[in-house]
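Colleague: Build me a model from this:
(one chain, ligands or ions: 1)
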Amino acid sequence: MFVTFEGPEGAGKTTAIAAIAHRLREEGREVLVTREPGSGEFGARIRELLLHGEAMPPKSELFLFLADRANHVETIIRPALAEGKIVLCDRHADSTYVYQAIVRGLDPEFVAAANRFATSGLIPDATFLLDLDPQIGLSRIQTKDRLDQEPLSFHQKVRAGFLSLAHADPARWHILDATQPTESTVQSFFTWIDQK
Ligand code: T5A
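Modeller: Numbering: from 1, shown residues only. Reported below is the predicted structural model:
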């Protein structure tokens, strides 16, 4: 089972995923917690360039996220799925569509096709959108990276972009109120998985 978590900065994805993984493991399930960008040594190097390096053209940013994703899917996610693990992934292809196409303005059709190429067509079984006012999310972050430092209008477009994707595909997306305590997200996840 492949589950992704998306949303604006500081929405609480990492915190919620840790709590969900803990409870799944208590139930005896095999879980892989992973993230984009930055899984494995290859991903960690790309993450450093993307989040802590200098400014770069949007096209370069796109290809770095895709390079990370292709490696992540092939060497980490697919092997874990083949072993029957539940894979909980902090951001995935939808982040690229929102940040690089909708917000940065790169060609949406090209970005969608590039995502399909990078993932070899892997689509999450479910995606949880932790939605909140970006001002609240940004106020939760202690140390801001390159993308966190974009203006508020950028982050408002990110929020709107995620909401538009979620509303277009309600069978996959679950929109959650990220101003609620983490336990609320955990409950929503278990309500979903217990029906599977
Ligand atoms: N990006 C990523 C792209 O542009 N394209 C792509 O293709 C991809 C994959 C990644 C950046 O790259 C961009 C998006 C991002 O800008 P990142 O550091 O991985 O950078 O960024 P985030 O995923 O946004 O991680 P954050 O750590 O900023 O946010 P989280 O994981 O949503 O939030 P979390 O859990 O770390 O919590 C943040 C703080 O809030 C508190 C926590 O204790 C923590 O202090 N918190 C809560 N407080 C109150 N109520 C709750 N419910 C809370 N939950 C957590």
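Colleague: only C-alpha atoms for contact and neighbour calcs from this point on.
Modeller: Fine.
Colleague: tell me the helices in the protein, going along the chain?
Modeller: For the chain, helices defined by DSSP state H occupy the ranges 13-26, 40-52, 58-72, 78-82, 93-96, 108-119, 134-140, 152-168, 182-194.
Colleague: Distance from the fifth one to the middle of the chain?
Modeller: Pointing back at helix 93-96 there. 7 Å (Cα atoms, centre = their mean, to the nearest Å).
Colleague: if I look at the residue nearest to the spatial centre of the chain, how far off is Asp194?
Modeller: When Cα atoms, centre = their mean is applied to the chain, the residue found nearest the centroid is Arg91 (1.1 Å). Relative to Asp194, Arg91 is positioned 23 Å away (Cα to Cα, to the nearest Å).
Colleague: what does Ala166 give?
Modeller: Between Ala166 and Asp194 the computed distance is 21 Å (Cα to Cα).
Colleague: same question, Pro79
Modeller: As for Pro79, its distance to Asp194 is 24 Å (criterion: Cα to Cα).
Colleague: Just want to know which of those two has more residues nearby.
Modeller: Pro79 (12 against 7; other Cα atoms under 10 Å).
Colleague: Show me what from this structure comes close to the ligand.
Modeller: Proximity of the chain to the ligand (Cα under 6 Å from any ligand atom) is limited to residues 8-15, 36-37, 65, 91-93, 95-96, 99, 140-141, 147-148, 178-182.
Colleague: No further questions, thank you.
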